[in-house]
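> compute the structure for the input listed below.
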Amino acid sequence: MCNITEAANCSGRVAWYFSRERVAMNRCSREDTTFAGARRSLVVALGLLAGCGDWRDGLSHWDGEYVDYYASSAIEVCGGTPAHVDGFAPFVAAELGLPAPELLAYSWLRDGGLDEGDFVGAHCGEGEIGCQEGRRAMGNSPLQLSQIVHAIAELHGVDAQPFLSIGLTRAYDWFGGTVVPSRWVYRLGEIVGSDELRDPLEELTRTEDALHFPTAGSFVMFLLSRHGPAPFLEWSRGVGSSRDLERLRDGFRAAYGVELDAEAKAYQAGPVCQADAFPIRAYDCVMPEIPWASGDRWSHTQSLDCASAEVIGGFDPEVAWPSLRSVTIEIPESRTYTMTVTGEGTVAAQLGACFGCPWDGRELTIEENGSHTVELAAGTYYLRMKGIAETPTTLTVTLE
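As a prediction, this is how the structure comes out:
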């Protein structure tokens, strides 16, 4: 890690962050046209020109292959967080059938107003908890992966229509940052914060500030599950930023070959998960596997120490975010299992399927020293374990 105000201790690395339009506003930037013949905007990572202000000033910095990670100097970043964010960008691009992005940036900024450069409000606006502009994403928490989805979607021209843009980010940021259980998997047939399942046709015409995010997320997941990502990307590109329902219907018909109204009705009816459903996987589904050693019992003990390279999360002087670690398990056979979580302090674990459909309700969350018996189908599952970042703790999860 290096603090970029300490130039003598930092590498001289340069990063490709912004679009040409964004860099035109930055006096500390210059352009380069020599890389593979492409015109790009070159931002010198250390702010080499004296007297020029730079958003990176005073932030701690970790180099990534796809995402460079920054954090306010008052923040303690858990050891695995930068690598976790870095790996998310190629993961979500591959899930959507898109090429991995060139270098992005994510900044974890302090929660606050407009008067200091390391406050999220100074960059996103008063009252905002996160935002994205060009290749740069930022938020007031260790990993707002939804902002990385926005950045990738914008690069490919599929981030302009409010409902579709928000829906896509919620489809691939199930946890809304570091929350267990998921707050974005809006299961069909279950009512979350409203008296009825909302009509996506009405939501499609709303501005972002009036949008019901769970409906956007669940309808986009519904479409991805039934049809895969290709027609969704075609629809999004075709309609641009339009909120006109007739144009949205025409674009949907051209991309999907079916009527938007019919799909909306099927969504509201609560469909059966198709055998060939496209899996909308959580990022946790590509985490390391803990093998099922032998017999009828699986057990894993996990240390959740913020200093560990396995643990994601962090804390600042005011907020201790969850510390998290995810692994995968291959459930060998379909049968009844009892899942038990034991540990010290505030711990929890969530087991979720890496197959099927989001509305199947295959997630199981257990708080500290609890257990639950459930029917599990054979297949790959993720296990997300949670503690509190500023307090090292250990938990054990068993399946038997």
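> going forward, measure contacts and count neighbours with C-alpha atoms only.
Noted.
> domain-wise, how is the chain divided?
2-156, 283-399 (automatic domain parsing).
> residue 269 is nearest to which of the ones you listed?
Closest to residue 269 of the domains of the chain, according to C-alpha to C-alpha: domain 283-399, at 12.0 Å.
> about what we covered before: so which of the domains of the chain gets nearest residue 204?
Evaluated with C-alpha to C-alpha, the domains of the chain place domain 2-156 nearest to residue 204, the distance being 17.7 Å.
> avg pLDDT for the closest one?
For domain 2-156, mean pLDDT is 72.
> can you pull out the helices in the stretch 1-150 of the chain?
Taking DSSP state H, counting those that start in this stretch as the criterion, the stretch 1-150 of the chain contains helices spanning 20-23, 81-95, 121-124, 145-155.
> same deal with the stretch 201-350 of the chain?
213-227, 229-239, 245-256, 260-269.
> for the longest one, packing partners?
To tie it back to what came earlier, the one meant is helix 213-227. Contacts defined by 3 or more C-alpha pairs under 8 Å, 6 or more residues apart in numbering; DSSP states H and E place helix 213-227 against helix 162-172, helix 200-203.
> off-centre distance for the first one?
Computed by C-alpha atoms, centre = their mean, to the nearest Å, the chain-centroid distance of helix 162-172 equals 11 Å.
> go on, the last one?
For helix 200-203, the separation from the chain centroid amounts to 24 Å (computed by C-alpha atoms, centre = their mean).
> which strands or helices does that helix pack on?
Helix 200-203 sits against helix 213-227, helix 260-269, with contacts defined as 3+ C-alpha pairs under 8 Å, 6+ apart.
> mind listing what's buried along that helix?
The neighbour-count check on helix 200-203 (16 or more other C-alpha atoms under 10 Å) flags 200, 203 as buried.
> which one of the helices and strands packed on helix 200-203 lies nearest to residue 373?
With C-alpha to C-alpha as the measure, helix 213-227 is the member of the helices and strands packed on helix 200-203 nearest residue 373 (27.1 Å).
> pLDDT (mean, whole number) over that closest one?
Rounded mean pLDDT across helix 213-227 is 91.
> relative to helix 260-269, how tilted is it?
110 degrees (axes from the mean of the first three to the mean of the last three C-alpha atoms, to 10 degrees).
> buried residues, helix 213-227. List them.
Applying a neighbour-count criterion of 16+ other C-alpha under 10 Å, one finds 213-226 buried in helix 213-227.
> ok, stretch 256-268 next?
Buried residues in stretch 256-268, counted by 16+ other C-alpha under 10 Å: 256, 260, 263-264, 267-268.
> next one: that stretch to chain centre, how far?
Averaging C-alpha positions (C-alpha atoms, centre = their mean) puts stretch 256-268 27 Å from its chain's average.
> mean confidence for it?
For stretch 256-268, mean pLDDT is 95.
> same check, this time on stretch 311-318
On average, stretch 311-318 scores 90.
> let's see the distance spanning it from one end to the other.
By C-alpha to C-alpha, to the nearest Å, the extent of stretch 311-318 from end to end equals 20 Å.
> what does that stretch rub up against?
74-81, 84, 110, 142-143, 178, 304-306, 320-325, 389-390 (C-alpha atoms under 8 Å, 6 or more residues apart in numbering).
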